[in-house]
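Novice: Okay, sequence plus prediction incoming.
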Amino acid sequence: MTDERNFFNPEDNKPEGTPSEQTPPQQEAPTPAPQNEEPRNQTSNQAPYGAPNPWQQSAYGGGYYQQPQQPKPPKKPKKVSGWVIGLAALYLLLVCGLFALIAGGALQIAQKEPDAEETVKTEEGKKTEDPVQNAPIVENDEPDSKNPIVSDDYTGDTLTASELYEKNVESVVFVTANYRMGQSTGSGFVIDSENGYILTNHHVVEESEDIAVTLHNGDSYTATFIGGDEINDIAVLKVEAKGLKHVTIANSEDLKVGEDVLIIGNPLGDLTFTLTKGIVSAVNRTINTGEHNITTFQTDTAINSGNSGGPAFDATGAVIGVASAKYASTGVEGIGFCIPINDAMTIARDLVEHGYVTGRPNFGIAVSDSLGYEYGTDEFGRRVLVETAKGARVEEVGKDSCANRAGIKVGDIITKLDDTKIESANQLINAKNRHKAGDTVKLEVYRSGETLTLEITLDEYTPD
């Protein structure tokens, strides 16, 4: 697991040059037609546009001359009979009436338009006051899940990275856990705005003396540790604040390889509220944290120290997971892991309601690793190595435990759980955790050179 401790210190458009002015060529005077001849082109007093003038040699074209004609006497107007005048007056009256009728109808339509516009505005106003919830119901398929959490501004539409960040950054918090010998930093996000519940990783805040959370706007609160699950690395905090902005929870069962993943967090403790982006690289990855196996999905989104506990979003801005770990090794890049949000929310609800995770199985025993041999004494009292079995050695048995009822004794070595071979204490614990309280399993036990098969019905784990 990545340590969350902070080690980071950081005028006009004229063309150039005006051509010199040129003097247009002088026009030559046109040669008049001989007086004993009729002028040409008697049918027109102007040459056709663009046609050359045969009576002048000017480069730009000159006047076109013709003898003037005598004006004709005006014609006398004809008399109009009375019945024609009457007919024209009647026609004019009909036209005017029709025009008045059309104009009146247009006026009525024009007068009604503002009313219709006001009606539309009124209807729009009603919709604004009572908005329709157009967000999809994001179901969580876990059997004990409650009502889905959907943010007021969630639409289900694909968002740009900038839009997603703007809509969700106020739901992300910077977590500071203080210890006697130092400080740990991480990330978290609001899952309940009314009660102030915040989800984060267990390893960020475990065994801390006090915890503070800071919002993007700079507001800071002292947080109370509600409960934590070390096995799946989930913890719930609570702050006394109202009106916080919560996230939308997606259904992580629908995750597919190649989908976008965007994470908002606080890498290195100083680079607060940073957005990184990648894809889902694989689903249903089981990783070992040193003591426990956790089911995760893999991503190439950048996850660094301080990102732990931050929300992993899909492209619509709904949370699909909790950033938890990065595979850190020389030559390895782009391998990070997130806890699916379905698992995280089921655990979070149990922590809020019960203080622990319900339905978790328990043997009621304490175990250690058995390497396949142990120290003993021979017939002469000398200390010697005695060959045994490799598995999980029983060190303690609870008096009222299911293990005691099934006949498990101190010194027994558990080598198998159902069909799973057991070679260490962690393997036994992880195999057990794949079951639920009330399940019946078979244990193969090595005892004093003999192999026994015992049937055991698992108890439910409680803090007591």
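Specialist: Okay, I see it.
Novice: does Ile429 count as helix, strand or coil?
Specialist: At Ile429 the chain is in helix, as set by DSSP: H, G, I helix; E, B strand; the rest coil.
Novice: Partner strands of the strand or helix carrying Glu374, with direction?
Specialist: In this assignment (DSSP states H and E), Glu374 forms part of strand 365-377. Strand pairing for strand 365-377, using DSSP bridges, gives strand 383-397 (antiparallel).
Novice: Using PDB, list the CA coordinates for the partner strand.
Specialist: What follows is strand 383-397, C-alpha atoms only, in PDB (Å, rounded to 0.1, in the frame of the first residue of the first chain):
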ATOM      1  CA  ARG A 383      15.900 -30.200  20.700                       C
ATOM      2  CA  VAL A 384      15.300 -31.200  17.200                       C
ATOM      3  CA  LEU A 385      13.300 -30.200  14.100                       C
ATOM      4  CA  VAL A 386      10.200 -32.200  13.600                       C
ATOM      5  CA  GLU A 387       8.500 -32.400  10.100                       C
ATOM      6  CA  THR A 388       4.900 -31.300  10.200                       C
ATOM      7  CA  ALA A 389       2.600 -29.800   7.500                       C
ATOM      8  CA  LYS A 390       2.600 -26.400   5.800                       C
ATOM      9  CA  GLY A 391      -0.400 -24.300   6.400                       C
ATOM     10  CA  ALA A 392      -2.100 -22.100   9.100                       C
ATOM     11  CA  ARG A 393      -1.300 -23.200  12.700                       C
ATOM     12  CA  VAL A 394      -4.000 -22.600  15.300                       C
ATOM     13  CA  GLU A 395      -2.600 -20.600  18.300                       C
ATOM     14  CA  GLU A 396      -5.900 -19.800  20.100                       C
ATOM     15  CA  VAL A 397      -9.500 -21.000  20.000                       C
END
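Novice: buried set for it?
Specialist: Thr388, Ala389, Lys390, Gly391, Ala392, Arg393, Val394, Val397 (16 or more other CB atoms under 10 Å). Placement of C-beta: from N, CA and C, glycine included.
Novice: Among these, find me the one that's closest to Val213.
Specialist: Ranked by distance to Val213 (CB to CB), the buried residues of strand 383-397 are led by Ala392 at 39.3 Å.
Novice: what's the neighbour count on Ile347?
Specialist: Neighbours of Ile347 under the rule other CB atoms under 10 Å: 27.
Novice: Identify the bridge partners of the nearest residue to it once chain neighbours are set aside.
Specialist: Nearest in space to Ile347, with sequence neighbours left out and distances taken as CB to CB, 6 or more residues apart in numbering, is Ile234 at 4.6 Å. Counting by DSSP bridges, Ile234 forms beta bridges with Asp229.
Novice: Pretty sure Ile234 sits against His203.
Specialist: No - under the criterion of CB atoms under 8 Å, Ile234 makes no contact with His203, lying 10.0 Å away.
Novice: Which of the two has more residues huddled nearby?
Specialist: Remark: of Ile234 and His203, Ile234 carries more neighbours, 27 against 23, as counted by other CB under 10 Å.
Novice: which residues does that one contact?
Specialist: Contacts for Ile234 were tallied using CB atoms under 8 Å, 6 or more residues apart in numbering; they are Leu199, Asn201, His202, Gly228, Val322, Ile339, Asp343, Ala344, Ile347, Ala348, Leu351.
Novice: Let me have those residues in JSON lines, extended by distance to Ala437, secondary structure and pLDDT.
Specialist: As requested, the contacts of Ile234 are arranged in JSON lines below (distance: CB to CB, whole Å; DSSP: H, G, I helix; E, B strand; the rest coil; pLDDT from 0 to 100):
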{"residue": "Leu199", "distance to Ala437": "24", "secondary structure": "strand", "pLDDT": "98"}
{"residue": "Asn201", "distance to Ala437": "25", "secondary structure": "coil", "pLDDT": "96"}
{"residue": "His202", "distance to Ala437": "21", "secondary structure": "helix", "pLDDT": "95"}
{"residue": "Gly228", "distance to Ala437": "19", "secondary structure": "strand", "pLDDT": "94"}
{"residue": "Val322", "distance to Ala437": "24", "secondary structure": "strand", "pLDDT": "97"}
{"residue": "Ile339", "distance to Ala437": "21", "secondary structure": "strand", "pLDDT": "96"}
{"residue": "Asp343", "distance to Ala437": "17", "secondary structure": "helix", "pLDDT": "94"}
{"residue": "Ala344", "distance to Ala437": "20", "secondary structure": "helix", "pLDDT": "96"}
{"residue": "Ile347", "distance to Ala437": "15", "secondary structure": "helix", "pLDDT": "95"}
{"residue": "Ala348", "distance to Ala437": "19", "secondary structure": "helix", "pLDDT": "96"}
{"residue": "Leu351", "distance to Ala437": "17", "secondary structure": "helix", "pLDDT": "95"}
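Novice: Return the members of those residues classed as buried.
Specialist: The neighbour count (16+ other CB under 10 Å) marks Leu199, Asn201, His202, Gly228, Val322, Ile339, Asp343, Ala344, Ile347, Ala348, Leu351 as buried among those.
Novice: Angles on the backbone of the second one, please.
Specialist: By that I understand Asn201. Torsion angles at Asn201 (phi, psi; degrees, to the nearest 10) stand at phi -90, psi 150.
Novice: Nearest spatial neighbour of it, chain-adjacent residues omitted?
Specialist: Spatially, and ignoring its direct neighbours in sequence, Asn201 is nearest to Gly309 (4.0 Å; CB to CB, 6+ apart).
Novice: Pull up the gap between that neighbour and Leu454, please.
Specialist: 40 Å (CB to CB, to the nearest Å).
Novice: out of those two, which sits in the more crowded spot?
Specialist: A direct count of neighbours by other CB under 10 Å for Gly309 and Leu454 places Gly309 higher, at 32 against 16.
Novice: how about the helices in the stretch 251-400 of the chain?
Specialist: Remark: helices assigned in the stretch 251-400 of the chain by DSSP state H, counting those that start in this stretch are 341-353.
Novice: okay, now Thr289: neighbour count?
Specialist: By other CB under 10 Å, 16 other residues sit near Thr289.
Novice: just the one 5 residues further on next, same as before
Specialist: For Ile294, the count of nearby residues is 21 (other CB under 10 Å).
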